[in-house]
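[1] Dropping the sequence and predicted coords here.
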Amino acid sequence: MGRKLLLEHINVPGINTYDVYRSKGGYTAVEKAMKTLTPEEIVEEVKKSGLRGRGGAGFPTGMKWSFLAKPEGVARYLVCNADESEPGTFKDRYLMTYIPHLLIEGMIVASFALGANTSYIYVRGEMMPQIRILERAIAEAKNAGFLGKNILGTGYDLELYVQPGGGAYICGEETALLESLEGKRGNPRIKPPFPAIAGLYGCPTVVNNVESIAAVVPIINDGGDEYAKLGIGRSTGTKLISAGGNLKKPGVYEIDLGLPVEEFLYSDEYCGGIANGKRLKAVVAGGSSVPILPANLFMKTINNEPRLMSYESLADGGFVSGTMMGSGGFIAYDEDQCIVRNTWNFARFYSHESCGQCSPCREGTGWMEKVLHRLENGHGKMSDMDLLVDVSKKIEGNTICPLGDAAAWPVASAIRHFRDEFEWHVTNAATAVRRNYGIAHYADPLIIAEKAG
Amino acid sequence: MFKVTIDGIPVEVEPGTSILNAARQIGGDIVPPAMCYYSKLEGSGGKCRTCLVQVSKGSEKDPRPMPKLVASCRTTVMDGMEVKNITSPEVIEARKGVVEMLLINHPLDCPVCDQAGECHLQDLGFEHGSAKTRYEFDRRKFERIDIGDKIQLHMTRCILCYRCVFTADQITDRRVHGILNRGDHSEISTYIQQAVDNDFSGNVIDVCPVGALTDKTFRFKNRVWFTKPVEAHRDCDHEKCNGKVTLWYKGEDVIRVTARKDVYGEVEEFICNTCRFDKKKTADWVIEGPRKVSNQSVISSNHYDTLKPLPVVKTNPLLQEANKDQFERETRL
């Protein structure tokens, strides 16, 4: 059984209150950081830990912190990105609901390390209960002297605010989040300048995911080297995976990175296998925007090695036969699920959430949605698949923010791996609206020679 | 000074210049097209993605190429940077894609659009687009909205370049203009058709690259290629307006007044609404001479190369002289 760092005390009754959290060793990271470490040393510890951003891109957090510009006389900000809205991802909400003080503690340590005196937690507007929970937790922490003026007598001041967003997916993009936080329309900014140079109110800003900030707490408590011992290769530490879909035991699991996907999917400690004794057809490994994989390619890489839950192993094979860790929104599809319908559903989401600033994403996502809608409802054409691939290629990489890529990848990968199912929707249109394609060969063992030919 | 090479042509520019402006200093075919960037409007650009270019060498210090195509209007040059525009197949391909995207929700009704002949999207579509559309669904449609009594907004034609939003923000004093909704149903709005009442509001017509914002005093009076542009000025008493304009003649009548635009379709100086909408008599203006129109433009199609001078030319010695010059030059060619 893997070691739990973030969810160690999740089952302790009342862990969402300050007293219980404190009695379980909470806020020792703040004490340790402020009394024994300098801000530079904290950044160094986080660098040593190899912690990679848990929001999706996997950029090393310590590196991000060290890029923060530190001009004299200009305020610096830390913003926590709790605008979790990726379909399939719900780990941050879980963390904020059940163990809010972990996030507060991480925010205090991270703000201290970055020299920020005002920090924000930008929470998605739909998560009103979580906003209340966080506000209560902040009030408790303030009462206990961990927030406010002169924290622990060190002379360091920190105010922490919770800001509800309007519930737009695009506001999870860091620059759109900052725009929204400033009270403007949540449109992504054109980069450069990056937030580390000019972010919130034009000041240097670091934007981190909830889980990244929470992971700072065990890093400070145990030391960066200790944290780096967990995991595999450049994927260090533990990761929260929000498992959903047709699983026996969906939910949020904390895993050591490097856990074999086979074990994660089928062991009773984690997902417990596919619900109702069905077979696995496909997996979206890291939230809706990462490429979808058929069961056989997901379980084994193209070189016939077992796939692991790590940034590198999931990305093994690139976009041809791999996927991405993303934000850890693990969605499993059983044999009765329709990939065309699922792809249309994702495309509909991205079309709805596109901000409308840059033309390829604004027009292209809507176009893909319409074509997929037609395919799903039995009015598709054989040429639609090539059209979709072409449109997704024209969006990918040509947009201001990564939403364009996120919209293009699931469509392109679904057609790459499930083309025969799409074609079946065209050739058997009447049947396709009544029943699903089924599992076909998607779970068959990979035959390497055949693949090469 | 930074040395930049664009499509193999070296140029020296000030640090902080964008790739697009560096290309404009060279001029010619290698200038990327821009639908949303407007040099006079701060913060514009980066949205339409037609000006994407490939940076094949980042700088002298860091020669790595940039991983993605970049928007040349919002990327500043580095010393020793090498940029590929029309020499890169990827750029051509991406630009073709962007043009297609811009056109899928744009009505292809140029024959009845007031902007035809001076529409940037029309030019862009002609240059880069394919002859056929692959889009088989209903296009986005909106009702026409009057913004005050002089300007009309037809969102159906809008490509959401945000230029008018920046104009309303920066040129006029009170912002009554913005974007509502998001994604492909976002629309330019004036807060539920509230009239824009401002001395400089007319400039949104000039900055609009397509026929979404049109001048109601000119709308459907005439096709632009039947009119004759003439440079003129007047002593405007508005402190921010210098009264330098282009008058568009049809016969003896001034049927439209616009600001003067440069080769990239950007106005040289913004003009006030009095000059634009109210001064439509030759007597209001001091005529400077005929406007030079590129012979690539349809507006030049029946320009001053006629032996029978137009009525307005007959009465103005300056225009007569210019007409003679131009006629000689063009018949010689």
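    The structure has been received and is ready for your questions. Numbers count the residues shown, from 1 in each chain, chains lettered A, B, ... in the order given.
[2] When you work out contacts or count neighbours from here on, use the C-alpha atoms and nothing else.
    Fine.
[3] Just the closest residue of chain B to chain A, please.
    Relative to chain A, the nearest point of chain B is B:G183 (3.7 Å; C-alpha to the nearest C-alpha).
[4] What number of residues are in the vicinity of that residue?
    22 (other C-alpha atoms under 10 Å in any protein chain shown).
[5] distance of it from A:G404?
    Applying C-alpha to C-alpha, to the nearest Å, the value for B:G183 to A:G404 is 12 Å.
[6] now B:V254
    Taking C-alpha to C-alpha, one finds B:V254 at 47 Å from A:G404.
[7] Would you agree B:H106 is in contact with B:D138?
    No. B:H106 is beyond contact range of B:D138, at 10.5 Å (criterion: C-alpha atoms under 8 Å).
[8] Who has more neighbours out of those two?
    Using other C-alpha under 10 Å as the criterion, B:H106 and B:D138 rank with B:H106 on top: 19 against 10.
[9] which bits of the stretch 301-450 of chain A sit near chain B?
    Within the stretch 301-450 of chain A, the positions adjacent to chain B are A:351-360, A:362-364, A:366-367, A:370, A:391, A:394, A:397-400 by C-alpha under 8 Å from any C-alpha of the partner chain.
[10] Contacts only, for B:V224.
    Neighbouring residues of B:V224 by C-alpha atoms under 8 Å, 6 or more residues apart in numbering or on different chains: B:114-118, B:299.
[11] Revised request: answer the last question for B:T156.
    B:105-107, B:140-143, B:212.
[12] please redo it, this time with the cut-off set to 6 Å
    Residues counted as contacts of B:T156 (C-alpha atoms under 6 Å, 6 or more residues apart in numbering or on different chains) are B:141-142.
[13] I'd guess it is in a helix, am I close?
    Yes. Under DSSP: H, G, I helix; E, B strand; the rest coil, B:T156 falls within a helix.
[14] SS state for the nearest residue to A:G223 once chain neighbours are set aside?
    Closest residue in space to A:G223, ignoring its immediate chain neighbours: A:E45 at 6.5 Å, by C-alpha to C-alpha, 6 or more residues apart in numbering or on different chains. Secondary structure for A:E45, judged by three-state DSSP, is helix.
[15] Run through who's touching the helix or strand harbouring A:L177.
    Per DSSP states H and E: A:L177 is located in helix A:174-181. Contact partners of helix A:174-181, identified using C-alpha under 6 Å, 6+ apart, comprise A:171, A:186-189, A:200.
[16] Output those as TSV; include the columns distance to chain B and neighbour count.
    Shown next, in TSV, are these (distance: C-alpha to the nearest C-alpha, whole Å; neighbours: other C-alpha atoms under 10 Å in any protein chain shown):
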residue	distance to chain B	neighbour count
A:C171	12	30
A:G186	10	25
A:N187	9	22
A:P188	10	24
A:R189	9	21
A:L200	17	24
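[17] Now A:L158: which helix or strand?
    Per DSSP H and E: strand A:156-164 holds A:L158.
[18] For the residue most central in space within chain B, which three-state class applies?
    Centroid-nearest residue in chain B: B:G265, 3.5 Å away (criterion: C-alpha atoms, centre = their mean). Secondary structure, three-state DSSP: B:G265 is coil.
[19] Apart from its neighbours in sequence, what residue is nearest the residue of the stretch 151-300 of chain A found nearest chain B?
    At 6.6 Å from chain B, A:I190 is the closest residue in the stretch 151-300 of chain A, using C-alpha to the nearest C-alpha. Distances taken as C-alpha to C-alpha, 6+ apart place A:I400 nearest to A:I190, at 6.2 Å, with adjacent residues excluded.
[20] Secondary structure class of that neighbour, three-state.
    Secondary structure, three-state DSSP: A:I400 is coil.
[21] before we move on, could you check phi and psi at it?
    For A:I400, the backbone dihedrals (degrees, to the nearest 10) come out as phi -70, psi -50.
[22] what's the neighbour count on it?
    Counted with other C-alpha under 10 Å, the neighbours of A:I400 add up to 24.
[23] A:C401 too?
    Look at A:C401: counted by other C-alpha under 10 Å, it has 22 neighbours.
[24] cool, and B:P111?
    By other C-alpha under 10 Å, 10 other residues sit near B:P111.
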